[in-house]
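J.: predicted coordinates and the sequence they were generated for:
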Amino acid sequence: MTVDPGTLAAIALLLPAASFLLLAVAYPLRRSGRVAGLVSILGAAGALAAALGAWARQTPEGMTRIAYEWIPQEAGSLATVGVLADADSTIMLVLVALVSLLVQVYSLGYLDAEPRPALGRYYTYQSLFAFSMMGVVLAPGFLQLFVFWELVGLCSYLLIGYWYERPEAARAAVKAFWITKAGDMGLLIGIVLLWYRAGTFDYLEIYDLVRAGQLSVAGLGLVTFCLYLGAMGKSAQFPLHVWLPDAMEGPTPVSALIHAATMVTAGVYLLRRTIWLFALTPDVLHLIGWIGAFTALLAAVLACVQSDIKRVLAYSTVSQLGYMMSAMGAGFAAAGFLHLLTHGVFKALLFLGAGAAIHATGTNDIYRMGGLRRALPQTHIVFVVGTLSLAGIPLFGGFYSKEEILGAVWSGRLVWPFWMLVVAAFLTAFYMFRVVFIAFWGERRADSHGGPHGHGGGHLHDAPAVMSVPLWILAVLSVGIGIYFVRHHGEPEFTAPGWLTPLAVGVAVGGIVLAWLTYQARVVSADDLARAFAPIRRAAQARFWLDDLFEGLYRGALLGLSRLVGWVDRYIVDGLVNMFSAWTLMWGDRLRRIQSGLPQDYVYGLAVGLLLLLIWVQWPR
Amino acid sequence: MSTMPLLSIITWMPFIGAVLIIFGARHNPFLVRLISVVTTGISLVLSLRIYWLYDQQAAGYQFYEELPLVPPLGITYQLGVDGMSLLMVLLTSIIIFAGVWASWTVKERSQEFYALLLILVTGVYGVFVSLDLFVLFLFYEIAVLPMYLLIGIWGSSGEVRPQGIFAWAFRRTGVGTKEYAAMKLTLYLLFGSAFILVGILALYVSADSSSFSLLELEQVRFAPWLQSWVFLAFYVGFGILAGIWPLHTWSPDGHASAPTAVSMLHAGVLMKLGAYGVVRLGMGLLPDGTHQWMWLVGTIACINIVYGALSAMAQTDLKYVIAYSSVSHMGVVMLGAATLTESGLNGSVFQMFAHGIMTGLFFALVGLVYEKAHSREIFRMGGFGKMMPGIATAFTIGGLSSLGLPATAGFVAEFLTFLGAWQSRFSWWLFPGVIGAFFTSIYVLRVTKQIFWGPPAADPHFHGLPDAQGPEWAALVILVFTLVLFGVAPGLAIDPVDTATVPLLTRLGVMP
Amino acid sequence: MSLEPIAFGVLSVVLVASALAVVLTKNLFHSVLWLALALTGTAGIFLTLDAEFLAAVQLLLYAGGVVTIAVFAIVVTERLVGDRITQTSRQLTNGFVIAAAVLVGVLSFVLRAPQSGPRPPIAEDLTRAIGESVLTRYVLPFELLALLFLAALLGAIYFARPDD
Amino acid sequence: MTALSLELGVLVLMLVVFVGGLFGRRDDTRRVGVISAVGLVALFYWSLHLGPGASFWGGAFVQDELALFAKRLFLVATVLGILGSLTLRAPVFARRATEYYLIMLASLLGMLALASARDLILLFVAFELMSIPLYALAGFQKREGEAVEAALKFFLVGTVSSALIAYGLSFIYGVTRTTQIAGIGAALASGSPLLILGLVITLGGLGFKIAAFPFHMWVPDTYEAANAPFVAWLSVAPKAAGFIVIFRLYLEGVGERVVLWVPIATGLAALTIVAGNLMAIPQQNIKRLLAYSGVAHIGYMLVGLAAVSANGVAMMLFYLVAYLFGNMGAFLVVEAVSQAEGSDNINAYRGLAQRSPVLALAMLLFLLSLGGIPFVAGFWAKLYVFWAAAEKGLYLLVLVGAVLTVVALFYYLLVAKRMYIDAPARNTPVPVPPLLALAILICGLGVVVMGVYPKPFVLTAFRVAATIF
Amino acid sequence: MPTSMPLQAYLVLAAVLFAIGLFGVVTRRNTIGILLGIELMLNSVNINLVAFARFAGDTAGLVFTVFTISITVAEVALGLALVILIFRVRRTVVADHLDLLQG
């Protein structure tokens, strides 16, 4: 029996949906906590199996499309839903399913101290997320993409706010939602505008139009820019990246899954799916490349000054997303997509690793960790593997894809972005090893014993199997990918200059060395370093005032405007209504006074009335 | 097709219930509720049945009933539904059925409460199913008037400090009290009905066909000048009920003061009645007037969307937030209609339905929260998610639908409207619409965060509150289910609606 | 040349003058007397219009009846108050303006009316004709008039009797 | 003589009352009221068997559809008025019942004759026969300063208006050279200014009777001071009679020239509606409130007149019937509450719904009917007159009327608020004397039946109005 | 000097009397005085009627006059009774004092 990849992909999509529905409707099941987790994990596992099947059966050129009518209209259907399985979507599907499954398993350990109903809620959200993210991946058209795009945003919101009783978490959740939503509004407009030109939401149909040259290019830049706005919000590009670091208020597995491996890459994935459309508007592509590179550099700088391990990783994610985007901007989507996949694996690894450390120590602060190398040897190893991948050291996952991006950007003649990315690569290696040296290698801090998760009590130990097994799987994958690419070079779409590899490896090693000198060997004083870059450091600690800007816009401009409008509505618009009614009352009172009670005044009334009649009847008309 | 007068039964069943309650259920609160549930339940079941039986291939008005009332004037009790009114009838049924459950706890004078509520519902049904303008108007008035007592007796007063240049007027009108709100709502809507009446009479007189029948008037091509002003009259008249800016100010006060089921019904269904009137009478009968004034309708709708959202953001009273969100969402309804495109109009009708359900849900929830916490002050409450997860979840789903999140009915409606807006003559309408949706996400989530998904309130008064119970669940489940069902499968609504909007647009000359 | 225009002129002057006196005199009793004069003058006008019977009715019923009742009322009220009633007027200007305006209004129509023809001759006995029509064509109003008197008197007696 | 049977019947009834008053207890002769009521019911029943067509004295007295319609209306109103009056508490209404009912019947007789009058003299005499007893009835509580004052005001203004009518009629007679009303139509065609003058002056006098603004000023004072059942009757029957006269003089057989009255009627209608409704707002006394609202209702009826068409007249007739039940019903409830509370202040109605739900419901129905709300008579009434006016293109007038309806509802709802929303001062039910309850019940039934099934009434109104044009 | 006065002359005379009567009605303070004004107004009606009747050569106007005169008397009778009554109840016949009811 042969099942085509489309069907398998659809099965992968529907399994988490089923577990979500089950958990959402079956109230007692949800309240039971771990059982709910098992249901969700079962769904994710099934989805992974189906995804792997789909991937295995997928030929590079093959394409399966399943579509059902979703919104009808007089002339056929307005919008369809379905599945578009091709090489890109199936591999992405595998990534999503894999990370989802691992994270869900990991969470059993990470969140074991949670009350049962809360845990059930968590897994319900997780299932919904898996379903939604797969929906994004498999979407055959813009509308479905948008539907699931919003749903993943919802899941992000729900999961960031999982510990909603913490004010920061609640605030971060809405902040994430609002800022991505702002971008999504651009996406929505873009979709509407594109639909108006193309008459369809379907990728393939639009692609056919583009190939046939039937899609007018004039003014298309606005459309693609609007589409890009969506990607900008979701993939945390400058200046809409501000939500992502705050999103770290969510549980760490959530950060790993949503805010590192999958959801935040949706923007990149969108560009990958529709790069042929963006190719029609080179200006917009250039802009994307510039913004991507700038984001990469900016976030790398920001990452250097963070002391919260998750925030370092978050800025790192922003930075890496910038990498991917700049590759897209250079017009070489495959390079960016490749980095998306590898980044998904090793960044999930890093987050889960950091999660293990946090779980053990009960703090996010790298300066309060220290010396975890000995206390958590397994965690240490996998974390270093992830770090090396991220830094772009050969034989590790990120090396090849990162170099591809640099090559792509160079080939795309984005010279300035290229050098920004190189600097960012240096900084990446630096800040990641800064974390490694401070948290894992440095002196053990006296106060770092035991977290709130009940595993403390004096001595630290590695995470339980449910957490470590996923870590190891990801670590192995990171290395595996790295080795795989050493042996299997894909055909690049461009020819990179020969000096690129030494340069890339060089800056990475340079970064590591600097970090070692500063934080481990203490040859370079961290304070001197800080002093040398004082203005940048201060700006970076203030997050370049971007968060303040958004806060100001929100509180000052928006809430201020709303208060003004609210006041105007109550006291001017409604005031006018009240004025009319008050006038009516007043006139009633005034008119009543002609009723003086004097009999002769009543006769006056009679006479005046008669006069009025006499005048009115002979009024010329 | 069934030979039973289904529409009449649907329409009059609540009225029968009201009569039974008045005369048969004195001092027996349970019997009162039972009668209410049974009669509205019958209406709901029959609404589903006509939804099921409606022949979408044949389209047009079905389940036709006729009974001449005043033959010399051509007034006929004439009922029928097309795809659009079908959906509205269903909406009404769902909302009132849920409303009865949601107000299970009304204790004071419950006999009168339910009787008035059911009479009101008969009026609402009547407007949606009647094909005779006169009868429609008659039902319209019935749908408005019981509101006065419902709000006046069972409503709640707030406090508004008079200020600004009209402070004197506020002091004179006694703003803030429930009596004020009730009077304002009733009079404002009746003020609107004056315009409707003039419009209807003008059409009747000019048509020269001695009939108030919609079916016959649809065949008449009225003189352009007449169309022009009659359309405006309809727009103002029905627009007041639809909450168009700047004639919307009855709605926040009214909805905030009204008891739960009344707010549900009023914001959920009655405001739709206004939009329905503009579409059915304004656009359906007056093509030239429609074309002439659509710029106004759409532009004001845009103002509604953004202005309503901003006003909602400024409120500190939960009910006012919801009330202003209705103003904003009714803007979407009117915008969709103003686009004069298939997707826009479908979106408009869909939004009527979606907003009806979601706002019904909202008001049900606000009622429940108020009942448990005895507060509507957003910034005094907090962290209810833990104590009342059911209410919190339902509120979140309603909120998400309100901000147009996919997989809820709100998204499809807004999206279709946006598509239509860009297709219309005034493509810039799209942008206020989108901005409004964004603003909606801000105020909805702000409120949700503050009350439910945020840190607990400091006030010990708000600790240990119960979740929804018993009958209240019924209301929530029905509404949430509907909201999601129609969001996931919008075809359920759009298929029948399309059979009504396409002929309408054809008559307007914008579709072949 | 007949006497009629002269009589009309003289009577008009008397009428208007006495009417003005009725509404302007301070002494109420004098007012009533002036009214009697005005009513008598009206009877004179009737004579110039060849309506002798009506002149008689006017004198008997009107001048006689009304004036008597009025005097009676004055006497009664004066006796009760124990003092002579002097009456003043209020808002003379307003009253003049409104009365003048009504007069102008009425005259604006009257003077626009086409000139009437000459007076037709009177052939028959007017009194007899009146009597006949009252008993034939106008018998119903006549009967009703009787009832009207009955009702009015019932009311008047009810009001005037000092008991209960 | 069957055509005159109603008038003769009332005459006989007056005799019976007169004789009946001579016998029995001196201090309570109220049974003559019962006799009158029974007699009038019998006459009403008899009137249903009368057909139109008779004409006497050369067309001076006609028994046409309009006359019959009006007579039935007068009879119903009077029966209701008498039923209400029988329950009056003040001793004078028991001791002097003979006078009271005799005078009332005399007035009724005037109305009956007026309805058939097609001759100026008959019209004037009948009109006065109707009016003069009203002055006596208004001041019937002659020990009460307010009642007497009201009666005097009523009398003074009324007599001036009689003078106006007589003055106007004299011009009409002068131009048409006949006392036949039928002559007006022909004469109007010539456009004689004197005729128009006469008709306009007469209209001024009639404006007093129907209480159009600004001729209405006697209304609130009289209504406030006189007893409620009498006011209920006064607010309906004489006004209806006034309208019948208007139909006869201004519309019947006038033909094309009838458009002359459109601007006048439009202006009067608009003024009356606006002024009546506005002045009603600040009233605290329910009778004054109803008085001003009654003024506004006259305005609405004038909207029908402004249409100067058969439809307009038909709709006015329908309106009159609706107004009869609604307004009389309201005043009768006022009497019931007044007897229990000793006050006509609207605050006396606080919590009535909880004290006497049925009475409150009845009042609510009457108020809603007056306010023009569906399923009670007033809704159709208002709609119909608006329709008639719209038919003639008077959209602006209709709009004014419809918008002012909202103002009217404001003060009706204020009463409803007191009955339904406010808490009662005490919880004892309001006792309603059986006869009063019967009268209220009749009014309530009338309001509801007309509201739910207006068809027969409308058809009748159309049939009646068709004969005028 | 014409041989006989035209109709208009009588009508004008009547109108003047009517206006004077009205003036009296609205200016006199004593209710009896007001009644006298009303009498003047009604009296002018009679002049009108008789004049019209004469110029039409018709008797109906004369009959009408008989009726108006009679009715006037009845009205005056009732009115004066009312005046006496109000004097008894309120101790005044000044119209300006009769303003218990107003508004």
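T.: It's in.
J.: how near is the residue lying closest to B:Tyr370 once chain neighbours are set aside to chain E?
T.: Distances taken as C-beta to C-beta, 6 or more residues apart in numbering or on different chains put B:Arg376 closest to B:Tyr370, at 5.7 Å, once the chain neighbours are dropped. (C-beta placed from N, C-alpha, C; glycine too.) Separation of B:Arg376 from chain E (C-beta to the nearest C-beta, to the nearest Å): 41 Å.
J.: what number of residues lie near B:Arg376?
T.: B:Arg376 has 22 neighbouring residues, counting by other C-beta atoms under 10 Å in any protein chain shown.
J.: can you check the pLDDT for it?
T.: Note on B:Arg376: pLDDT of 85.
J.: got the contact list for it?
T.: Taking C-beta atoms under 8 Å, 6 or more residues apart in numbering or on different chains as the contact definition, B:Arg376 lies against B:Ala256, B:Asp317, B:Leu318, B:Lys319, B:Val366, B:Val369, B:Tyr370.
J.: ok, now how distant is the closest residue to the third one other than its chain neighbours from B:Ser157?
T.: Computed as C-beta to C-beta, 6+ apart, the closest residue to B:Leu318 that is not its neighbour in sequence is B:Arg376, at 4.4 Å. B:Arg376 sits 12 Å away from B:Ser157, going by C-beta to C-beta, to the nearest Å.
J.: what residues does chain C have near chain D?
T.: Residues of chain C lying close to chain D (C-beta under 8 Å from any C-beta of the partner chain) are C:106, C:109-110, C:112-114, C:136-141, C:144-145, C:147-148, C:150-152, C:154-156, C:158-159, C:164.
J.: pull out the buried members of those residues.
T.: C:106, C:109-110, C:113, C:137-138, C:140-141, C:144-145, C:147-148, C:150-152, C:154-156, C:158-159 (16 or more other C-beta atoms under 10 Å in any protein chain shown).
J.: take these and keep only those in helices.
T.: Counted as lying in helices by DSSP state H, out of these, are C:106, C:109-110, C:140-141, C:144-145, C:147-148, C:150-152, C:154-156, C:158-159.
J.: and those residues near chain A, which?
T.: C:Val106, C:Phe109.
J.: residues of chain E that sit close to chain A?
T.: Counting by C-beta under 8 Å from any C-beta, chain E comes close to chain A at E:22, E:25-27, E:31, E:34, E:95-96, E:98-103.
J.: the residue of chain D at minimum distance from chain C: neighbour count?
T.: At 3.0 Å from chain C, D:Ala136 is the closest residue in chain D, using C-beta to the nearest C-beta. By other C-beta under 10 Å, 30 other residues sit near D:Ala136.
J.: same deal with B:Leu31?
T.: By other C-beta under 10 Å, the residues close to B:Leu31 number 15.
J.: which other helices and strands contact the host helix or strand of it?
T.: In the assignment (DSSP states H and E), B:Leu31 maps to helix B:29-53. Using 3 or more C-beta pairs under 8 Å, 6 or more residues apart in numbering or on different chains; DSSP states H and E, the elements in contact with helix B:29-53 are helix B:6-24, strand B:62-70, helix B:83-102, helix B:110-129.
J.: partners of the shortest one in the sheet?
T.: It stands for strand B:62-70. According to DSSP bridges, strand B:62-70 has the following sheet partners: strand B:75-81 (antiparallel).
J.: alpha carbons only: can I get the partner strand in PDB?
T.: In PDB, the C-alpha atoms belonging to strand B:75-81 read as follows (Å, rounded to 0.1, in the frame of the first residue of the first chain):
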ATOM      1  CA  ILE B  75     -51.100  45.400   4.700                       C
ATOM      2  CA  THR B  76     -50.500  41.700   4.800                       C
ATOM      3  CA  TYR B  77     -49.100  39.500   7.500                       C
ATOM      4  CA  GLN B  78     -46.600  38.100   5.100                       C
ATOM      5  CA  LEU B  79     -43.700  36.000   6.300                       C
ATOM      6  CA  GLY B  80     -40.800  34.400   4.500                       C
ATOM      7  CA  VAL B  81     -37.000  33.900   4.900                       C
END
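J.: residues contacting the spatially most central residue of chain A?
T.: By C-alpha atoms, centre = their mean, chain A has its centre lying nearest to A:Val264, at 3.0 Å. By C-beta under 8 Å, 6+ apart, the contact list for A:Val264 reads A:Lys234, A:Ser235, A:Ala236, A:Leu244, A:Ile258, A:Thr317, A:Leu321.
J.: surely the first one meets A:His259?
T.: Which is A:Lys234. No: applying C-beta atoms under 8 Å, one finds A:Lys234 not in contact with A:His259, separated by 10.7 Å.
J.: distance from the host helix or strand of E:Ala53 to the middle of the chain?
T.: Element membership for E:Ala53, per DSSP H and E: helix E:31-56. Offset of helix E:31-56 from its chain centre (C-alpha atoms, centre = their mean, to the nearest Å): 5 Å.
J.: go on, stretch D:295-302?
T.: The chain centre lies 11 Å from the centre of stretch D:295-302; the measure is C-alpha atoms, centre = their mean.
J.: which other residues reach that stretch?
T.: D:210-213, D:216, D:219, D:239, D:243, D:265, D:268-277, D:279-280, D:316, D:319-320, D:323, D:327, D:370, D:381-382, D:385, D:401, D:404, D:408.
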